[in-house]
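Q: What follows is a predicted structure for the sequence shown.
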Amino acid sequence: MRGLRNILTAAAILISSAASADKGFWPIQDINHTLEKDMRERGIKLRPKEIYNVDSPGSGLADAVLTFGFKYTGCFVSNWGLVLTSADPAIDYMDRLGEVGQQLLKEGFHAVSDDREIPLEGEKVYSLKRVFDVTEDVKTLLNRGMEYAEVVSKIEKAYEESTTVTCRLSSEWAGEKYYISAYKVYDDVRLVVMPPLSMSRAGDADGKWSWPTPRCDFALFRIYDHGRPVSGAKCLDVCLDGYTSGAFMMTIGYPRLTERYVSSVDARFREGVSLPLTNSIRGARLEIMRLGMDGNPSVRSKYSERASELEESLNEGKRLAAYYKASGLVGIKENGEGWMPDGLMSGLRDAFESTTRVEYDKLLRTETIQNGTFAASYLRRAASAGSLDRMKEILLAGSSETDPGVEKELLEYALSEYYTNMDDLYFGPYQRWIQDRFGYDFDAAAEYLWKGSLLNSPSKIMGMEDMSEIKDDLLYRFLSDTPISLYDGRSGHKEGLDKARSLSEEYMRTLYREGLRKGTPIYPDANSTMRLTYGTIGPLQGAEDPQTGWYTIPSDFLRTLDQADPYKSVTPRLKQLIEKDFWSRWGFKVGGKRHRMMMDFISSNDFVDGCQGSPILDAEGHLIGVVSGGTTETKTGILTYQEGRSASVSTDMHLILWYLDRALGLKRIVKEFEFY
């Protein structure tokens, strides 16, 4: 009996800590009784079928929500195909346009007429039509011995034939549940409005992970179908009544990834092994790139974007490592696992212990040999090219888009880390030859390999007569001398790895089953399917002024511009309009004063990547803003939600409409919006 009480107590603690509804992303089809009750207690005035209605497609709020390639979220706001989202999809596309795109980012863009809208070549927008529970179908096929990839293909094909739209299979709780999401896909997407980057990312280098940062972060697109703007789709209407701290807020979006249910054993591996290794190597690589770019415009043009991407991944790794340490997350998980079956936890510990060294070696190989240089990616792509002409094209691009000095420095560092820390069991014959010849003189080894690479000689590339000549490239020979199969083939490793994966999946299934048994279901990890999250508007814990700590106003924006406007693109006229502090019909009561304007506000709604552009809705389902980003703490959102510190940052609809109306004079666009 005492053991049973311990199990139930620990289970209640673990599940309740995960189940608070404003701490998670609930699948849109899983608005259960417990969730509905909690939402009603917090103030929602809608019934579940008004949010998502499987029996009446097109009638729920969810039918208005879309995803831009499962990277960002948006929503229909007019019956003429107008879609509101954050600036992120526009920024991403402009970055691909080179100098033209950068100029548009600097100046902003708005189409003065429909025929001036900018088509986004290759962009796809997905509109969810229905979610089907296919758990039994999938399990039946798997039990018959069919491979999972084959099951996915078979199920998706069957539902695409019956629905005539695009279908994607997703798994939740390590195979406890399977769903098909059916999407209408639009591939004619055109940009209508995009504010200057200095407005959508004002004062924030990263652009979406800080508070307070006033910004006008939105973009408008128009979706076309068969050459005409989409009509008849579900649209969200705008509420201009205003709102106060403590009000219920809800967002519907497509969060990309969370990993909040890993075991303490898995978390310990990440904290003690993978994060220290990747952070150390990526930090050194970034420093090499920065030194190469310093004072050299040519090198800077080749590596600035790569350095930014590397810095972003490094900073995220550092934040996660700091959070593990400060929060004691491993210990918290261990304390909450007392109810788990002893065999499951001991098996997990044994499996991870038996695989840690080889998994460390695999990660070391990835960070050094595979990703340590940019030259390596060009060589790998060239080696898998389908023709000699394509191979030459890739190699010539690699030669022109990399710098020999930087690549040799990166290669030298990769060699030093690889040879110093790697188990020599994995060295191929050529790698052993390099080690025997150069010993620990990694500078000389890097020089030798680089000089023997085709990337160092465009003339040799042009003179290639056969695709097999890439095998004579010394750098390629070195990089390909240690296939990943060597690691998985090490005695007992594959078996241990399979066991670790199997037990980790059983761990998650156990969490799911216990939640059902207790009547307190918990949300599954995010996986780019449509989710709902909710909370309340309000200040973060420790806010200096609880009354104003939850929003920013335009004067804050002007102060930010005075401090740093890298593009100097906000026009004097726009500054004058803001300084007048007169907002006509778009103003509302803020902080006890009427006819004021709010720029951004925060709410306790959960947030991770993919939610940018999500509509934020009030208790009656009316649109009051668009999600821009989150607080600094939400960068750890992949692991957890931090009560009182994690929050969504949203741009207010009053500001967006004022900007369209007064700053741009786009009254024809404003008239398209539906108002409550």
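A: Received, thanks.

Q: which regions of the stretch 551-676 of the chain sit below the pLDDT cut-off?
A: Along the stretch 551-676 of the chain, segments meeting pLDDT under 70 span 561-570, 590-595.

Q: can you give me the helices for it?
A: Taking DSSP state H, counting those that start in this stretch as the criterion, the stretch 551-676 of the chain contains helices spanning 554-563, 572-580, 653-658, 667-670.

Q: And the stretch 151-300 of the chain, by the same measure?
A: Using DSSP H, counting those that start in this stretch, helices in the stretch 151-300 of the chain cover 197-200, 264-269, 275-293, 297-327.

Q: Redo those as TSV? Include distance to residue 597 and mean pLDDT.
A: Every residue, glycine included, has its C-beta placed from N, CA and C. Listed next are the helices of the stretch 151-300 of the chain as TSV, based on distance: least, C-beta to C-beta, whole Å; pLDDT from 0 to 100:
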stretch	distance to residue 597	mean pLDDT
helix 197-200	14	86
helix 264-269	44	97
helix 275-293	40	97
helix 297-327	32	92
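
Q: out of those helices, deepest packed?
A: Most buried of the helices of the stretch 151-300 of the chain, by mean neighbour count (mean count of other C-beta atoms under 10 Å): helix 197-200, with a mean of 24.

Q: Tell me where the stretch 101-250 of the chain is predicted with low confidence.
A: For the stretch 101-250 of the chain, applying pLDDT under 70 flags the ranges 202-208.

Q: Could you pull out the strands in it for me?
A: Applying DSSP state E, counting those that start in this stretch to the stretch 101-250 of the chain gives strands spanning 109-110, 118-119, 125-133, 166-172, 177-186, 188-194, 219-225, 228-229, 248-253.

Q: Compare these and give me the one nearest residue 55.
A: With C-beta to C-beta as the criterion, residue 55 lies closest to strand 125-133 of the strands of the stretch 101-250 of the chain, at 10.0 Å.

Q: quick one on the thing from earlier: pick the most deeply packed of the strands of the stretch 101-250 of the chain.
A: Highest mean neighbour count among the strands of the stretch 101-250 of the chain (mean count of other C-beta under 10 Å): strand 248-253, with a mean of 27.

Q: Let's have the strands of the stretch 101-250 of the chain in a markdown table, adding distance to residue 436.
A: Below are the strands of the stretch 101-250 of the chain laid out as a markdown table (distance: least, C-beta to C-beta, whole Å):
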| stretch | distance to residue 436 |
| --- | --- |
| strand 109-110 | 59 |
| strand 118-119 | 58 |
| strand 125-133 | 55 |
| strand 166-172 | 48 |
| strand 177-186 | 53 |
| strand 188-194 | 57 |
| strand 219-225 | 58 |
| strand 228-229 | 68 |
| strand 248-253 | 56 |
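
Q: Can you tell me what sits against stretch 375-393?
A: 369-371, 394-395, 397-398, 401-402, 407, 411, 450, 453, 455, 461-462, 464-467, 470, 473, 475-476, 479-480 (C-beta atoms under 8 Å, 6 or more residues apart in numbering).

Q: Just the buried ones from the residues you listed, in ChimeraX syntax?
A: Filtering these down to the buried ones (16 or more other C-beta atoms under 10 Å) takes a single ChimeraX command:
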select :369,370,371,394,395,398,402,407,411,450,453,455,461,464,467,470,473,475,476,479,480
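
Q: out of the contacts of stretch 375-393, which are inside helices?
A: Secondary structure defined by DSSP state H assigns 394-395, 397-398, 401, 407, 411, 450, 461-462, 475-476, 479 of these to helices.

Q: tell me the two of these that are most distant?
A: 411 and 462 (23.7 Å).

Q: what's the closest of the helices of the stretch 551-676 of the chain to residue 85?
A: Judged by C-beta to C-beta, the one of the helices of the stretch 551-676 of the chain that comes nearest to residue 85 is helix 653-658, at 11.1 Å.

Q: Could you give me the buried positions within that closest one?
A: 653-658.

Q: Among these, pick out the one closest to residue 485, please.
A: residue 656 (53.1 Å).

Q: wait, the closest one sits on residue 215?
A: No: assessed by C-beta atoms under 8 Å, residue 656 is found out of contact with residue 215, at 11.5 Å.

Q: quick one: common contacting residues for those two?
A: With C-beta under 8 Å, 6+ apart, residue 656 and residue 215 have no common neighbours.

Q: about what we covered before: with the buried residues of helix 653-658 in mind, which one is nearest to residue 668?
A: Among these, residue 657 lies closest to residue 668 (C-beta to C-beta), at 13.1 Å.

Q: Contacts only, for that closest one.
A: Residue 657 touches 238, 586, 670, 673, counting by C-beta under 8 Å, 6+ apart.

Q: Report the two of these separated the most.
A: 586 and 673 (11.8 Å).

Q: and residue 38, how far is that from residue 541?
A: According to C-beta to C-beta, to the nearest Å, residue 38 and residue 541 sit 21 Å apart.

Q: related to what we said a few turns ago, a markdown table please, covering the helices of the stretch 551-676 of the chain and showing distance to residue 190.
A: Rendered in a markdown table, the data for these read as follows (distance: least, C-beta to C-beta, whole Å):
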| stretch | distance to residue 190 |
| --- | --- |
| helix 554-563 | 28 |
| helix 572-580 | 24 |
| helix 653-658 | 19 |
| helix 667-670 | 13 |
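
Q: out of those helices, deepest packed?
A: Ranked by mean neighbour count, the helices of the stretch 551-676 of the chain are led by helix 653-658 with a mean of 24 (mean count of other C-beta under 10 Å).

Q: Which SSE is immediately downstream of the helix or strand containing residue 330?
A: Per DSSP states H and E: residue 330 is located in helix 329-335. Sequence order places helix 342-365 as the next helix or strand after helix 329-335, per DSSP H and E.

Q: and that next one, what other elements does it pack with?
A: Identification of packing neighbours for helix 342-365 by 3 or more C-beta pairs under 8 Å, 6 or more residues apart in numbering; DSSP states H and E yields helix 264-269, helix 275-293, helix 404-421, helix 485-488, helix 493-518.
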